[in-house]
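*Asks:* how would this look folded up:
(2 chains)
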Amino acid sequence: MPTERYNAPDRERHWQHVWEKDQIFQASEDQEQPKCYVLEMFPYPSGRIHMGHVRNYAMGDVFARYKRAKGFNVLHPMGWDAFGMPAENAAMERKVHPGKWTYANIDTMRSQLKSMGLSLDWSREIATCSPTYYRHQQKLFLDLLKKGLAYRKSSKVNWDPVDQTVLANEQVIDGRGWRSGALVEQRELTQWFFKITDYAEELLDDLGTLVNWPEKVRLMQANWIGRSEGMLIRWALEKETAPKGFTELEVYTTRPDTLFGASFLAVAADHPLAKAAAEKNPDLAAFCEECRRLGTSVADIEAAEKRGFDTGVRAAHPFDKNWQLPVYVANFILMDYGTGAIFGCPSGDQRDMDFARRYDLPIVPVILPPGEAAETFDLKGKAYVEDGTMINSRFLDGLTTKAAFEEIASRLEKQKLADRPQGTRKVNFRLRDWGISRQRYWGCPIPIIHCEKCGVVAVPEKDLPVTLPEDATFDKPGNPLERHPTWKHVTCPTCGEAATRETDTMDTFVDSSWYYVRFTAPEAETPVDMNAASYWLPVDQYIGGIEHAILHLLYSRFFARALCDTNHLTFATNTREPFAALFTQGMVTHETYNSQDGFWLLPNDVRVEGEGAGRRAIEIATGRPAIIGATEKMSKSKKNLVDPDDIIAHYGADCARWFMLSDSPPERDVIWTEAGVSGAGRFIQRVWRLIDEILEAYPQKPSKKPETFGPDALELRKAAHRALDSVGKAIEALRFNVAVANIHEFSNVLQAILSRNEASVPWAAHEAAALLVTMIGPMMPHLAEECWARLGYNTLLANEPWPVAEPDLLVDDQVTIAVQVNGKRRDELVVSRTANREEVEAAALKLGSVVRALEGRAPKKVIVVPQRIVNVVG
RNA sequence: GCGGACGUGGUGGAACCGGUAGACACACAGGACUUAAAAUCCUGAGACGGUAACGUCGUGAGGGUUCGAGUCCCUCCGUCCGCACCA
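*Replies:* Coordinates of the predicted model:
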């Protein structure tokens, strides 16, 4: 009697309800089990979940469920990264309050996530836009301020004059605002910063401890932090040439060894010396202005030639008072790296050489490459940047590059200019402090009051949270907080005079820099519950997109340390790293389709026929052929979207999960295909039928385990226990595609053996069925739960431990080993697992295929690798 | 320009520490069942030659190390990613 098909949507709702009712995924820290904190990057509530979320959360859920089964006390929370621009844009476009829009999206997405059957502890749900979250963030801000880790400074920003807001560098496209299209201006604004640079060294050094992070991410962070070792060198300026008040110029260099190859100094257009010199020189002023305008776009910078303007100022070489070098303003010098000033050594730096050529400055080689002779060495128009032997460098001649560095450093450290050492060693970082001010409404208000008398005043803690006013207007560009009629007007907490609130809000990256801490005690009265945090942290497995490789992860690493240093957090182990292991999953991609008039088409609006070269798409609505485009990341703009809701309603969540985990290695992109999904759906029905067939053939599991097993039963048991072992290992290593393959393989064996009639098969079949169900449990939890119940167990599979594979079943008595002659495979040999070299060698040499391949030659050597291979060399 | 990753059948991909390349799946082809379709089941399949046994070739290209290389080393080609006047 064949059972009906497995009705996934119906059964999934049922089991989700059971799990929720029993609250089995709620975590608490007071248990004696080892803990495991599994976290996926929380979503921005944009409206609906997309396939990228499905993939991310399916992976995290497999890991969390597996760890639970392995006896860990698992924390697996979910929340919302709920502040940000899209809500404010929606407010502008649809006249809906950002909060209303956001919370409506959260409701939708929460129920979508719930329909995926994730083993989440929903009691810990947090939304960063809730005052119950951001009030703690404001407290943290104040503590960072006290500690000197938050400060205000004037800095250059990209200003969009139409939207009246600051733009991040990524939002400036070809020098124009990404929304307004207006030409972006450079403006000086006073902004709040976090002093991430204080931790530059530590953040770099500790990357070495993150052995369970992708090498790629560590490398990207290391490059971003960008440590370089060099020197600050002060150059005396010739009095009659220097502007008033300027007696010296300090430059930063990583190559003090090339000091005798110097032929000019150069400063950034914003350098004080440039500004002072420009006052008396309109042409120079015009040049500086031109440089500033160029500053915006990366593309412009690339295209720009190395250009400069001689300020007329002259500097004296540190080792030769009579050697005067010109000081230029140059367009390739950055004000915010080093000191905004360099010395140029044309032979040792390509930029400097280009510059020297253009302005006819001397090019003196100072480093001789290994193997070259000083008399014949020719730069051939290219700067030599590698190590070598010093030439044309007076007291350095003959030294290696490294020794020359040391020699210059120690001399300049002793040599005085105006009573201070003329040179000091200095480690420099590319990393800048983190500017967190945003001129926007939908973000965490910065809890500061500006008073004319008292200056910058912290909002007293008793007045926290500083909440956003509900009645803001979004009908025009600019910051709604700034133009709100009353919100910003307050009295100064210190003097009681009229004062104004800070109207900037915090970058949303601040919200996500500590949410993983808050999850450990989401209701705590203080930002962090130290006990809970030190129990759960660090996150044992963090999973998310590679797009956060730098900013979010770096900011979080900074925040963990800042929280420690403001006494909010301690780690139980000797680390300050928030994420012990990181996994970056690939994207979900799909084919794109275009109509003949050049519009993007949804996959649902297209019918695809044929295959291979004959594959074509037809626009369903019009019946006209459509163009099949490239396979790309699913995106709204290209309409190559598949809605998870549709898939879950049609095939079920297990199917979507299974497909996401199959085939593609999790770190690579997965191509979403209809064929793949229906294949996953077929496998679900197959498992269901398989369980059905077992129950039909052997309705009851024999209560007594047979003393001995026949060959078929033994084969089945071996396959089952091996699969159990390898699936566990694969999940542990997040190699879900391999786990899926192992399960397929095992179910093939199970199916094949069912038809055999052997006394010990029924028991083994029931054991195998239970193991199969256990193995698919983390990936397809609903189907597994349903099968588990059908097999007669009255427990929840989600609460069951991961069984231990029987070691005896994992090894074979007989092994098949390959036999090679001269490295070429000729035959195979079945031998006892414990056979010694002599036995294997003798057996191999007897093989007809070996004798034939040797063509009468005597074997010169026989290599035996036990249990693997025999290679006869002859 | 600098740094990095990757390159395996028609497709996605397996292959522990250098030891039987192509597991598993998708797609495909043939067959069974069916009035038919769907579903399901069975069979086949890297390429070339051969009825077959079998042989030769085969992991982007070329070279090297080794008894043995998809895996290690060198050179090159291609794809993707990150950074980029960083002194």
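*Asks:* Can you pull the residues of the stretch 201-350 of chain A lying near RNA strand B?
*Replies:* A:215-216, A:219-220, A:223-224, A:226, A:228, A:230, A:252-255, A:268, A:294, A:298, A:301-302, A:304-306, A:331-335, A:337-340, A:342, A:349 (CB under 7 Å from any atom of the strand). Heads up, the C-betas are built off the backbone N, CA and C, glycines and all.
*Asks:* if you look at these, which of them are in strands?
*Replies:* Counting by DSSP state E, these place A:228, A:230, A:252-253, A:342 in strands.
*Asks:* could the residues you listed go into JSON lines alongside neighbour count, pLDDT and distance to A:Y37?
*Replies:* Shown next, in JSON lines, are these (neighbours: other CB atoms under 10 Å; pLDDT from 0 to 100; distance: CB to CB, whole Å):
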{"residue": "A:S228", "neighbour count": "14", "pLDDT": "91", "distance to A:Y37": "36"}
{"residue": "A:G230", "neighbour count": "18", "pLDDT": "92", "distance to A:Y37": "41"}
{"residue": "A:Y252", "neighbour count": "18", "pLDDT": "95", "distance to A:Y37": "42"}
{"residue": "A:T253", "neighbour count": "27", "pLDDT": "94", "distance to A:Y37": "45"}
{"residue": "A:I342", "neighbour count": "27", "pLDDT": "94", "distance to A:Y37": "47"}
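*Asks:* between those, which is nearest RNA strand B?
*Replies:* RNA strand B lies nearest to A:T253 out of these, by CB to the nearest atom of the strand, at 3.5 Å.
*Asks:* quick one: that closest one and A:N392, what's the gap?
*Replies:* 18 Å (CB to CB, to the nearest Å).
*Asks:* quick one: contacts for A:Q31?
*Replies:* Contact analysis of A:Q31 by CB atoms under 8 Å, 6 or more residues apart in numbering lists A:N73.
*Asks:* hang on, I meant A:V251
*Replies:* A:232-233, A:235, A:265, A:338-339, A:341-343.
*Asks:* ok, those residues vs A:P706, which is closest?
*Replies:* A:G338 (77.8 Å; CB to CB).
*Asks:* if we can go back for a sec, just the buried members of the residues of the stretch 201-350 of chain A next to RNA strand B?
*Replies:* In terms of neighbour count (16 or more other CB atoms under 10 Å), the buried residues within these are A:220, A:224, A:230, A:252-253, A:255, A:268, A:294, A:306, A:331-333, A:335, A:337-340, A:342, A:349.
*Asks:* Restricting to C-alpha, output stretch A:866-874 in PDB.
*Replies:* This file holds the C-alpha atoms of stretch A:866-874, laid out as PDB (Å, rounded to 0.1, in the frame of the first residue of the first chain):
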ATOM      1  CA  PRO A 866      49.900  -0.400   3.000                       C
ATOM      2  CA  GLN A 867      46.200  -0.300   2.300                       C
ATOM      3  CA  ARG A 868      46.700   2.000  -0.700                       C
ATOM      4  CA  ILE A 869      48.900   1.000  -3.600                       C
ATOM      5  CA  VAL A 870      51.600  -1.300  -4.900                       C
ATOM      6  CA  ASN A 871      54.000   0.100  -7.600                       C
ATOM      7  CA  VAL A 872      56.200  -2.400  -9.400                       C
ATOM      8  CA  VAL A 873      59.200  -0.700 -11.000                       C
ATOM      9  CA  GLY A 874      60.800  -2.700 -13.700                       C
END
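*Asks:* Please identify the buried residues of that stretch?
*Replies:* A:869-872, A:874.
*Asks:* And for stretch A:142-158?
*Replies:* Going by neighbour count (16+ other CB under 10 Å), the buried part of stretch A:142-158 is A:142-145, A:149-150, A:155-158.
*Asks:* try stretch A:265-283
*Replies:* Applying 16+ other CB under 10 Å to stretch A:265-283 flags A:265-278, A:281 as buried.
*Asks:* so after the helix or strand bottoming out on mean pLDDT in chain A, what's the next helix or strand?
*Replies:* Of all helical and strand segments in chain A, the minimum by mean pLDDT, DSSP states H and E falls on helix A:298-303, at a mean of 46. Next helix or strand after helix A:298-303 toward the C-terminus (DSSP states H and E): strand A:308-317.
*Asks:* Kindly export that next one (C-alpha atoms) in CSV.
*Replies:* Written as CSV, here are the backbone C-alpha positions of strand A:308-317 (Å, rounded to 0.1, in the frame of the first residue of the first chain):
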residue,chain,number,x,y,z
GLY,A,308,53.4,69.9,-9.3
PHE,A,309,54.1,73.5,-8.7
ASP,A,310,57.3,74.9,-7.4
THR,A,311,56.6,76.9,-4.2
GLY,A,312,59.9,78.6,-4.4
VAL,A,313,60.7,77.3,-0.9
ARG,A,314,64.1,75.6,-0.6
ALA,A,315,65.1,72.9,2.0
ALA,A,316,68.5,71.9,3.1
HIS,A,317,69.5,68.2,2.9
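*Asks:* how about the nearest residue to A:T165 once chain neighbours are set aside, what does it touch?
*Replies:* Closest residue in space to A:T165, ignoring its immediate chain neighbours: A:Q439 at 4.9 Å, by CB to CB, 6 or more residues apart in numbering. By CB under 8 Å, 6+ apart, A:Q439 lies in contact with A:164-166, A:478-479, A:482, A:503-504.
*Asks:* Around the residue of the stretch 351-500 of chain A found nearest RNA strand B, count how many other residues there are.
*Replies:* Distances between the stretch 351-500 of chain A and RNA strand B by CB to the nearest atom of the strand are smallest at A:R430, namely 3.8 Å. Using other CB atoms under 10 Å, A:R430 has 12 other residues around it.
*Asks:* doesn't A:D692 make contact with A:A769?
*Replies:* No - in this structure, A:A769 is not within contact of A:D692 by CB atoms under 8 Å, at 10.2 Å.
*Asks:* Who has more neighbours out of these two?
*Replies:* A:A769 (25 against 17).
*Asks:* if I look at the more buried one, how far off is RNA strand B?
*Replies:* A:A769 sits at a distance of 16 Å from RNA strand B (criterion: CB to the nearest atom of the strand, to the nearest Å).
*Asks:* Not including adjacent chain positions, what is the nearest residue to that residue?
*Replies:* Closest to A:A769 by CB to CB, 6+ apart is A:I694, at 4.9 Å.
*Asks:* Tell me the one of the contacts of A:V251 nearest A:D605?
*Replies:* A:G338 (55.6 Å).
*Asks:* on that earlier part again, next step: the buried residues of stretch A:142-158 restricted to strands.
*Replies:* Reading strands off the buried residues of stretch A:142-158 with DSSP E, I get A:150, A:155-158.
*Asks:* Dump those residues to JSON lines, plus pLDDT and distance to A:A498.
*Replies:* Supplementary listing: those in JSON lines, determined by pLDDT from 0 to 100; distance: CB to CB, whole Å:
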{"residue": "A:A150", "pLDDT": "96", "distance to A:A498": "25"}
{"residue": "A:S155", "pLDDT": "83", "distance to A:A498": "28"}
{"residue": "A:K156", "pLDDT": "79", "distance to A:A498": "31"}
{"residue": "A:V157", "pLDDT": "82", "distance to A:A498": "28"}
{"residue": "A:N158", "pLDDT": "80", "distance to A:A498": "33"}
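*Asks:* does A:W802 sit in a helix, a strand or a coil?
*Replies:* Of the three states, A:W802 takes coil under DSSP: H, G, I helix; E, B strand; the rest coil.
*Asks:* residues touching it, list them.
*Replies:* When contacts are counted by CB under 8 Å, 6+ apart, A:W802 touches A:66, A:69-71, A:728, A:774.
*Asks:* Tell me both backbone torsions, phi and psi, for A:I196.
*Replies:* Backbone torsions for A:I196, taken as degrees, to the nearest 10, come to phi -70, psi -20.
*Asks:* my guess is it meets A:I436, correct?
*Replies:* No - with contact defined as CB under 8 Å, A:I196 and A:I436 do not form a contacting pair (10.2 Å).
*Asks:* Quick check: which ranges of the stretch 151-300 of chain A have low pLDDT?
*Replies:* A:168-175, A:178, A:294-300 (pLDDT under 70).
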